[in-house]
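Enquirer: Based on what follows, work out the 3D shape:
(one chain, ligands or ions: 1)
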Amino acid sequence: MTDLQQDTSLEFIASNIDILGTLLPEQLLKPQVGIVCGSGLSTLAASFRERVEVPYSSLKGFGTSTVPGHKSALAFGLLGPADGVPVVAMLGRFHAYEGHSLSTVVYPVRVMARLGVKNLIITNAAGSLDPGLPVGTIVSIRDHLALPNLTGFNPLLGPAKPQYPRFLPLSTAYSHSLRRALFHAAHQLALPASAVGEGTYAWVSGPTYESPAEGRFLRAAGASVVGMSTVPEVLAAREEGVEVCVLSLVTNFVVIPDRYRSVREEVDAELAGTPLPPSPQVEVSHEEVLAIGKEKSEVMRALVEKTIELIGKGV
Ligand SMILES: O=P(O)(O)O[C@H]1O[C@H](CO)[C@@H](O)[C@H]1O
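Expert: Numbering: from 1, shown residues only. Model (predicted):
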């Protein structure tokens, strides 16, 4: 458990920039693109050149990620051809369900913004609410549905600060130009159209996975995938003036129609001598989430890397 309210003053964050100045070579100190690695996706930073890892414990104001599949370090390096684009990746994020305050959850995004990051690629593992988005699909997020935000659990709650807009608009939160770069990248990598979909991310607080009725509710409300992260980071990034692109990797199905079959019908059919086929009694697990992350880590890494290359070219 960390603090209730993380210090996000310019002075406090600047002290981290001083610390990083003693740990990093000049060429890595001003990253242009940030990456947030979702559950099991820390390999997104595997091909950074000149890579330097800085544990969160050597920085001020960072919590410790307690979730399997999340490390607790920033990775700095270069990506792309020639001299390379300086980048920074969060190897492990904080979730509110771990007991972190929302200000701690979004704090690394604020630090990345002050380091100079202009574009942020946020990744996550998510459950699918849409039969058209099967396990293994990468979903480019174009909108979100955040029940916690609508009910008073918003990371931007608090006194107005002169450096931030009081009323942040979210209609353009998911950058059109970054999403274009992403789909150009998918084409250049010759990924099949079905590999990368588009959809709306529902943010829930977790740590429980959704009940069947909750899954149906979120789907009926217009969400395509559901997860326990990302939206707080998106809000902080937008408040900091950073452009955002979100990639959800579908690791499991949440809405499975036959799971909701009536047991009365099942027993009646059995007694009438016309038994129904067994109904699926599936349970999602974090191990399964991590396994799909591992399976898809290479395509996720290639897609993120190519997208960053195209952003650099202004595509
Ligand atoms: O969103 P990320 O951090 O990728 O992790 C997802 O996976 C975990 C559940 O398996 C939850 O934390 C959920 O949000």
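Enquirer: State the helix or strand in which the residue in the chain that the ligand sits nearest to lies.
Expert: When Cβ to the nearest ligand atom is the measure, the chain has its nearest residue to the ligand at residue 38, with 2.9 Å between them. For every residue, glycine as well, the C-beta is placed using N, CA and C. Counting by DSSP states H and E, residue 38 is held by no secondary-structure element, helix or strand.
Enquirer: same thing with residue 86?
Expert: With secondary structure defined by DSSP H and E, residue 86 is part of strand 85-91.
Enquirer: With residue 198 instead?
Expert: According to DSSP H and E, residue 198 maps onto strand 196-203.
Enquirer: Strands of the stretch 51-200 of the chain, start to end?
Expert: Residue ranges of the strands in the stretch 51-200 of the chain, as given by DSSP state E, counting those that start in this stretch, are 73-79, 85-91, 119-128, 138-146, 196-203.
Enquirer: CA-only coordinates of the second one, as CSV, when you get a sec.
Expert: Same thing as strand 85-91. Listed next in CSV are the C-alpha coordinates belonging to strand 85-91 (Å, rounded to 0.1, in the frame of the first residue of the first chain):
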residue,chain,number,x,y,z
VAL,A,85,14.0,7.1,-31.4
PRO,A,86,14.6,7.5,-27.7
VAL,A,87,11.9,5.7,-25.8
VAL,A,88,10.9,4.8,-22.2
ALA,A,89,8.8,1.8,-21.1
MET,A,90,7.1,1.1,-17.9
LEU,A,91,7.9,-2.5,-17.2
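Enquirer: which residues touch it?
Expert: 27-37, 42, 44-45, 48, 53, 70-79, 108, 112, 115, 117, 308-309, 311-312 (Cβ atoms under 8 Å, 6 or more residues apart in numbering).
Enquirer: Buried members of these into ChimeraX, please.
Expert: Selecting the buried subset of the contacts of strand 85-91 in ChimeraX, with 16 or more other Cβ atoms under 10 Å as the burial test, is done by:
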select :28,29,31,32,33,34,35,36,37,42,44,45,48,70,71,72,73,74,75,76,77,78,79,108,112,115,117,308,309,311,312
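Enquirer: Alongside the ligand, which residues does the stretch 51-200 of the chain contribute?
Expert: 67, 93, 95, 124-125 (Cβ under 6 Å from any ligand atom).
Enquirer: Let me have these in a markdown table, extended by pLDDT.
Expert: Putting those into a markdown table (pLDDT from 0 to 100) gives the following:
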| residue | pLDDT |
| --- | --- |
| 67 | 85 |
| 93 | 95 |
| 95 | 96 |
| 124 | 97 |
| 125 | 97 |
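Enquirer: and those as TSV, adding neighbour count?
Expert: Putting these into TSV (neighbours: other Cβ atoms under 10 Å) gives the following:
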residue	neighbour count
67	19
93	27
95	22
124	27
125	25
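Enquirer: and of these, the nearest to residue 243?
Expert: Using Cβ to Cβ, the shortest approach to residue 243 within those belongs to residue 124, at 17.7 Å.
Enquirer: my guess is the closest one meets residue 250, correct?
Expert: No. Under the contact definition of Cβ atoms under 8 Å, residue 124 does not touch residue 250, with a separation of 10.3 Å.
Enquirer: now the helices for the chain?
Expert: In the chain, the segments counted as helices under DSSP state H are 10-23, 102-115, 147-150, 176-188, 212-220, 231-239, 263-271, 286-295, 297-312.
Enquirer: Low-confidence stretches in this structure?
Expert: In the predicted model of the chain, residues 1-5, 258 satisfy pLDDT under 70.
Enquirer: let's go with 50 and repeat that
Expert: Per-residue confidence of the chain (counting by pLDDT under 50) places the weak regions at 1-2.
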